[in-house]
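Participant: Sharing a sequence plus its predicted fold:
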Amino acid sequence: QHYYITNNLRMECQDSPILNSDTAWKQLTHYLSPPNTITPEIKSRCKELIEILENFGYPVRKCLGSWFRVKFKYYFKSEILPEVLTVLDVYRDYEAFENIIVLLGKGVLKFLLSFYLVEETDSTFQKKDVYMDFTTILLEIDEVKKLFSMCCTNFYKRGFDCFDNLDQDIDGSPTEHSTELKNFDIINRYLCCLYLFDEVVYDAVLHVLSSQIRLFITENFSGCSHDTSIMGPVMSWLNSSVITFIQFITQHQLVPPNMEIWKKRLKFFCYKTIATVRINDLFEIMVDYPDSHAAVLDIKKCVGHIQCSNYLIKTVQDTFKERLLHPGANTDDIITQYSSAIKVFRFLDPSGAMLEKVCAPVRNYLKQREDTIRCILNTLMSEEENELTRELSATTGTLFNSNEDSDLEIDDWEKWRPQSKDMPTDLKSKTSKSADIVSTLCNIYRSADLFVNEYRSLIAEKLLTTSNYDISVEMRNMELLKVGFGVDLSQCQIMLQDVVDSKRNHSNIMNNVKQQFHFDISTLIISHVFWPNLRNEEVTIYKPLQDYLAGEYQAAYSELKRSRTLEWKLNLGFVELDLEFEERTLSFTVSPVQATIILCFEESEKCHADTISNTVGLSLSQTRKKLAFWVTNGVLKETSKDMFELEKEVKESGGMVVEEMDSAMVKIEQVREEELEGYTNFVMGLINQSGQITVDRVHKMLSLLLSDSVAGQLTQEEVKNFLDKKVKQKLLAFTGGVYKKPK
């Protein structure tokens, strides 16, 4: 005897007659047909029915699974889905999401025993397939799909916030966070048990956790100190908060998750965010290097785990362009930052490929600046020790690379590693050696000639301002630069020797002359053939001194050096003087002309600019410019037009005031112009022979003739400017891209 109660399906079994296959199948399918659910007792009866069917040769273990999937899908569409749609009509947004998940959980999970029985019976059946069927049906409804997409992210964000703040609650008492977390856990358990986690929830969880990682790192470490690593604190937080949250939400999954995969993905987000934060601060990090080595190490670790080379290169290039590569930036500052970049990227990428790409715009910009070479040499010649001077001292070979490194010439080839996939394609084919800072700076120009010419000018200016004949530092620097430049610096050696000879000759002369002054005099006697062209101005200085130099001093020198004479450049040199007033004394270092100007006020407190102009031999406009120095420093005042008077109340200057004097060297542009003017007849002769000539041909011819010019390598632009000037002078005509004689 058999009878059934379908609401809470139970079966009482007594002795029953032997069933045939049709009856057994009908009873089995009746027990398993939704909305019927089975109890452990009914499950045992179903197993008996399955054995009976097998005895009759019925393929129950092959067809039961497919039958059950069809039956359950029909039940889901007819019974559960309408209730889901009703929930959508009644509730909205997050509330609708929670009610649908609870409805699905209660409506589907009550069939677990049926699922297990069918799974045990039919090897082709998996309960996961049933869940996939109703998931597909659900997500075919646009309203449900949008709801899940919108609410899953918000749901797990709330869950993470509750979980992360749970430790802050008072232990042992129910709190807002603990209660909310319990409700979250119920919904999450349904999602896991319904196999919705992988299909619906996974992307939302990943999005939430990546956002939380980004938020945590940016809020806590963006713009933070660069002298400590942030990698350790971030990874500690990741393990204590994020990984434990993953373990919490996946504990209900029937198949345990692979935590190693989760950790790898989450660490990827950490590395990506840390790299972004540190790279955005890389300009300041380079300024502070090597104190910021910990921050650079963070970047290097991130570059080793994620492909961010392109982002790194572009960010640094954009930052350089915005903050360095513009007229407002000082050349010394650009070189300092460039040097720091070399150190940082040499550590990040020993191959030098990344440095090559990052600093290419900086090199090109520095090459366009007129004072770049001078600034580099000033740093190398500094009396104070710095990193460039230390590297120069350790240099054993030339600083200039004449050829690109060959792919076959790789130092430490055993340690070679292929470059990153995301390295810019124009760099992948290059094998770049990591040069030191000095060599990298010098190779902006790829030639030592420009440095040698600028070095001659620099050392000339320095020697012209020395008063004690001490050139030990200059001698040391010259020996180091001789090795680094790999060229002969014999002219510079002669310049230094002139200083040594001047000290000896001046001492001999001063011992033999009769006239003496109440102030010390020192002279520098140079071999003008080996010195750069010095600026020459016809000026008059303190008359007793000028007469003494041109008379007794010069005669004594001629006596000392037979058949040699002196040509004085009175506009050069400097004077250290003290101006004594009633209450205080002011100290100045000025040019001889400035010293002569202020001496005009020694006998009279007032003096007209015309009188001063006649005294020093300058035009009135030039004299007024010189007088402006004394007015600016509070020594003189202009009482009326061109009438100057000593200030009665002179303020304290706070130490020695040094005049910013014009360079003693003739400007390169002026030298080049004079050189080209000297070849005017040569160019006119070329045009007479051929009838016409191009800029390119003139450039090639003059480049050969001016190969040793102190003005450096001749450019086509300089030649064109020279020829255009001749056109304006009507010596040449320009038509059709060629120059010819005018008609």
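Facilitator: Sure thing, it's come through. Numbers count the residues shown, from 1 in each chain.
Participant: The nearest residue to S21 once chain neighbours are set aside and F68, how far apart?
Facilitator: Excluding the flanking residues, the one nearest S21 by C-beta to C-beta, 6 or more residues apart in numbering is F56, at 3.9 Å. All C-beta spots, glycine's among them, are computed from the backbone N, C-alpha and C. With distances taken as C-beta to C-beta, to the nearest Å, F56 is found 20 Å from F68.
Participant: So between those two, which is more surrounded?
Facilitator: F68 (26 against 14; other C-beta atoms under 10 Å).
Participant: quick one: what helix or strand has the more buried one in it?
Facilitator: helix 60-75 (DSSP states H and E).
Participant: helices or strands next to the helix or strand following that helix in the packing?
Facilitator: Going down the chain from helix 60-75, the next helix or strand is helix 81-90, by DSSP H and E. The contact analysis (3 or more C-beta pairs under 8 Å, 6 or more residues apart in numbering; DSSP states H and E) places helix 81-90 against helix 93-109, helix 127-139, helix 142-165.
Participant: In helix 81-90, which residues are buried?
Facilitator: Neighbour-count burial for helix 81-90 flags L81, V84, V87, L88 (criterion: 16 or more other C-beta atoms under 10 Å).
Participant: quick one: contacts for L112?
Facilitator: Residues counted as contacts of L112 (C-beta atoms under 8 Å, 6 or more residues apart in numbering) are K127.
Participant: Per-residue pLDDT of it, please?
Facilitator: Reported pLDDT at L112 in the predicted model: 81.
Participant: any idea how far it lies from Y74?
Facilitator: Remark: distance between L112 and Y74 (C-beta to C-beta) = 19 Å.
Participant: likewise F485?
Facilitator: Distance of F485 to Y74, computed by C-beta to C-beta: 91 Å.
Participant: Of those two, give the one with the bigger neighbour count.
Facilitator: With neighbours defined as other C-beta under 10 Å, F485 and Y74 compare such that F485 has more, 19 against 12.
Participant: hang on, the more buried one packs against F451?
Facilitator: Yes. Contact criterion C-beta atoms under 8 Å: F485 and F451 qualify, at 6.2 Å.
Participant: what's the average pLDDT for the helix or strand hosting I334?
Facilitator: Per DSSP H and E, I334 falls inside helix 331-348. Averaging pLDDT along helix 331-348 gives 90.
Participant: Can you name the residues in contact with it?
Facilitator: By C-beta under 8 Å, 6+ apart, helix 331-348 touches 282-283, 285-287, 289-290, 293, 296, 299-300, 303, 316, 320, 324-325, 352, 354-355, 358-359, 362-363, 365-366, 369, 371-372, 375-376, 379, 387-388, 434, 437, 440-441.
Participant: Give the buried residues for that helix.
Facilitator: 331, 334-348.
Participant: ok, of those residues, which one's closest to I101?
Facilitator: Of all the buried residues of helix 331-348, the one with the least separation from I101 (C-beta to C-beta) is L348, at 48.3 Å.
Participant: Next secondary structure after the helix or strand encompassing E219?
Facilitator: Per DSSP H and E, E219 falls inside helix 202-221. Sequence-wise, the next helix or strand downstream of helix 202-221 (DSSP H and E) is helix 231-237.
Participant: list the helices and strands that next one packs on?
Facilitator: Right, helix 231-237 is packed against helix 202-221, helix 259-280, helix 293-305 by 3+ C-beta pairs under 8 Å, 6+ apart.
Participant: Outside of it itself, list whatever touches it.
Facilitator: Against helix 231-237 from outside (C-beta under 8 Å, 6+ apart): F216, I217, N220, F221, K267, C270, I274, L297, D298, K301.
Participant: Does the fourth one touch N280 like I think?
Facilitator: No. F221 lies out of contact with N280 (C-beta under 8 Å); the separation is 11.1 Å.
Participant: hey, where'd the helices end up in the stretch 601-743 of the chain?
Facilitator: For the stretch 601-743 of the chain, the helices defined by DSSP state H, counting those that start in this stretch cover 609-616, 620-632, 668-678, 680-690, 695-705, 716-728.
Participant: and these, which is most packed in?
Facilitator: Highest mean neighbour count of these: helix 609-616, a mean of 18 (counted as mean count of other C-beta atoms under 10 Å).
Participant: what distance separates that one from the centre of its chain?
Facilitator: Centroid separation for helix 609-616 versus its chain: 56 Å, with C-alpha atoms, centre = their mean, to the nearest Å.
Participant: how far off helix 620-632 does that helix point, in degrees?
Facilitator: 100 degrees (axes from the mean of the first three to the mean of the last three C-alpha atoms, to 10 degrees).
Participant: Who are the packing partners of helix 609-616?
Facilitator: Using 3+ C-beta pairs under 8 Å, 6+ apart, helix 609-616 sits against helix 592-599, helix 620-632, strand 643-646.
Participant: in the protein, which helix or strand is least confident?
Facilitator: Every helix and strand of the chain was ranked by mean pLDDT, DSSP states H and E. The lowest is helix 425-428, at a mean of 46.
Participant: Following element in sequence after that one, please.
Facilitator: Counting by DSSP H and E, what follows helix 425-428 is helix 437-442.
Participant: Pull the distance from that next one to the chain's centre.
Facilitator: 18 Å.
Participant: Mind checking the pLDDT average for the very next helix or strand once past it?
Facilitator: With elements assigned by DSSP H and E, the helix or strand that comes after helix 437-442 is helix 449-464. Averaging pLDDT along helix 449-464 yields 85.
Participant: Could you list every helix and strand in contact with helix 449-464?
Facilitator: helix 372-380, helix 472-485, helix 490-512.
Participant: In the shortest one, which residues are buried?
Facilitator: Meaning helix 372-380. Those would be T372, I373, R374, C375, I376, L377, N378, T379, L380, for helix 372-380 by 16+ other C-beta under 10 Å.
Participant: In a markdown table, list those residues along with pLDDT.
Facilitator: Rendered in a markdown table, the data for the buried residues of helix 372-380 read as follows (pLDDT from 0 to 100):
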| residue | pLDDT |
| --- | --- |
| T372 | 88 |
| I373 | 87 |
| R374 | 87 |
| C375 | 88 |
| I376 | 87 |
| L377 | 86 |
| N378 | 86 |
| T379 | 85 |
| L380 | 83 |
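Participant: Pick out whichever of those sits closest to M643.
Facilitator: R374 (40.5 Å).
Participant: how much space is there between the closest one and S502?
Facilitator: In terms of C-beta to C-beta, R374 sits 25 Å off from S502.
Participant: Over to Q670?
Facilitator: 27 Å.
Participant: ditto for K77
Facilitator: The value you get for K77 to S502, if C-beta to C-beta is used, is 108 Å.
Participant: quick revisit: relative to L399, which of the helices and strands packed on helix 449-464 is closest?
Facilitator: helix 472-485 (4.4 Å).
Participant: The closest one packs against which elements?
Facilitator: helix 372-380, helix 387-394, helix 449-464, helix 490-512.
Participant: Distance from that helix to the middle of the chain?
Facilitator: 33 Å.
Participant: got it, and stretch 38-54?
Facilitator: Using C-alpha atoms, centre = their mean, the offset of stretch 38-54 from its chain centre is 73 Å.
Participant: Can I get it as CSV, trimmed to CA atoms?
Facilitator: Provided in CSV are the C-alpha atoms of stretch 38-54 (Å, rounded to 0.1, in the frame of the first residue of the first chain):
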residue,chain,number,x,y,z
ILE,A,38,12.0,13.9,-0.8
THR,A,39,12.9,12.9,2.7
PRO,A,40,15.7,10.4,3.6
GLU,A,41,13.0,7.6,3.8
ILE,A,42,11.7,8.4,0.4
LYS,A,43,15.2,8.6,-0.9
SER,A,44,15.7,5.0,0.2
ARG,A,45,12.5,4.0,-1.6
CYS,A,46,13.7,5.7,-4.7
LYS,A,47,16.9,3.7,-4.6
GLU,A,48,14.9,0.5,-4.4
LEU,A,49,12.8,1.6,-7.4
ILE,A,50,16.0,2.3,-9.3
GLU,A,51,17.3,-1.2,-8.6
ILE,A,52,14.0,-2.6,-9.8
LEU,A,53,14.3,-0.7,-13.0
GLU,A,54,17.8,-1.8,-13.5
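Participant: Done for today, thanks.
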